[in-house]
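Q: What follows is a predicted structure for the sequence shown.
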Amino acid sequence: MTDSVASTREFEGLQIPAAGTYKLDAAHKRVGFVVRHLMVSKVRGDFAEADATITIAEDPLQSSVVASITTASVQTGTADRDNHLRTGDFFEAEKYPQMTFRSTGIKSHSGAEFVLDGELTIKDVTKPVELVVEFEGATTSPYGQAVFGFSATTEIDREDWGLTYNMALESGGVMIGKKVKIEIEGEAIRQA
């Protein structure tokens, strides 16, 4: 797709994407997480399958996003752990094949950082979350596509969504931390 209109515009000193609908580029994204293990280290993982539609509004502060993540696509580099994460102890992927996120508004912004309010649904439990989104830039690809990049982070308590599986350690503490850091990076391509 070749854009016949400008792919960027100026907003408070930033070159931001032109208004329109953008889709997350599956080849240039990571939807990941970090959680403490045995109280002494961190385990990282991600979801191979995720989709998002980002609507950049004429007023950039009215922009929105809806996203879905396939729970069975979780991968941590260890097959046994991945299979356990797909069970009822965690995501219960057969019954709840998707996690979803829907933005509810942009709370604030400073420079290239935007704080996005939204609702995260895991296992039919919906709770508010706040994403800190870093706008990484906008350009036109060599294929004539309007593209922008972003990264986003938040931290949640997994138990708020019913992900309560754990084991007590003889030395004190638990096997899996309650706090989960969510890390998202990606590129979005203009659709319309």
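A: That came through fine.
Q: Going along the chain, name the helices of the chain.
A: Taking DSSP state H, the helices of the chain run over residues 79-85.
Q: So, low pLDDT: which residues of the protein?
A: Counting by pLDDT under 70, the ranges of the chain that qualify are 1-5, 192.
Q: got the buried residues for stretch 10-17?
A: Under the neighbour-count criterion of 16 or more other CB atoms under 10 Å, stretch 10-17 has Ile16, Pro17 buried. To be clear about C-beta, it is placed using only N, CA and C from the backbone, and glycine gets the same treatment.
Q: could you dump that stretch to PDB, C-alpha only?
A: C-alpha atoms of stretch 10-17 as PDB (Å, rounded to 0.1, in the frame of the first residue of the first chain):
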ATOM      1  CA  GLU A  10       3.800  17.500  13.800                       C
ATOM      2  CA  PHE A  11       2.400  17.300  17.300                       C
ATOM      3  CA  GLU A  12       4.100  19.300  20.200                       C
ATOM      4  CA  GLY A  13       7.600  18.900  18.600                       C
ATOM      5  CA  LEU A  14       7.100  15.200  17.600                       C
ATOM      6  CA  GLN A  15       6.600  13.800  14.100                       C
ATOM      7  CA  ILE A  16       3.700  11.500  14.800                       C
ATOM      8  CA  PRO A  17       1.700   9.300  12.500                       C
END
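Q: now that stretch: how far from the chain's centre is it?
A: Distance, stretch centre to chain centre, for stretch 10-17: 23 Å (CA atoms, centre = their mean, to the nearest Å).
Q: Would you check how far apart the residue of the chain positioned farthest from its centre and Met39 are?
A: Outermost residue of the chain with respect to the C-alpha centroid, by CA atoms, centre = their mean, is Glu170; its distance is 34.8 Å. Separation of Glu170 from Met39 (CB to CB, to the nearest Å): 12 Å.
Q: What of Ala27?
A: Taking CB to CB, one finds Ala27 at 37 Å from Met39.
Q: Looking only at neighbour counts, state which of the two leads.
A: Taking neighbours as other CB atoms under 10 Å, Ala27 and Met39 compare with Met39 leading, 13 against 8.
Q: got the phi/psi numbers for the more buried one?
A: Per-residue torsions, Met39: phi 70, psi 10 (degrees, to the nearest 10).
Q: For the remainder of this discussion, apply numbering that starts at 274.
A: That works, and once the first residue is 274, the last one we named lands at Met312.
Q: Give me the nearest residue to the most centrally placed residue in the chain, chain neighbours excluded.
A: In the chain, the residue lying closest to the centroid (CA atoms, centre = their mean) is Ile457, at 4.4 Å. Distances taken as CB to CB, 6 or more residues apart in numbering place Ala425 nearest to Ile457, at 4.3 Å, with adjacent residues excluded.
Q: What of Ser381?
A: Excluding the flanking residues, the one nearest Ser381 by CB to CB, 6+ apart is Val388, at 4.7 Å.
Q: and the one you found, how many residues sit next to it?
A: Here the count is done by other CB under 10 Å, and Val388 has 15 residues near it.
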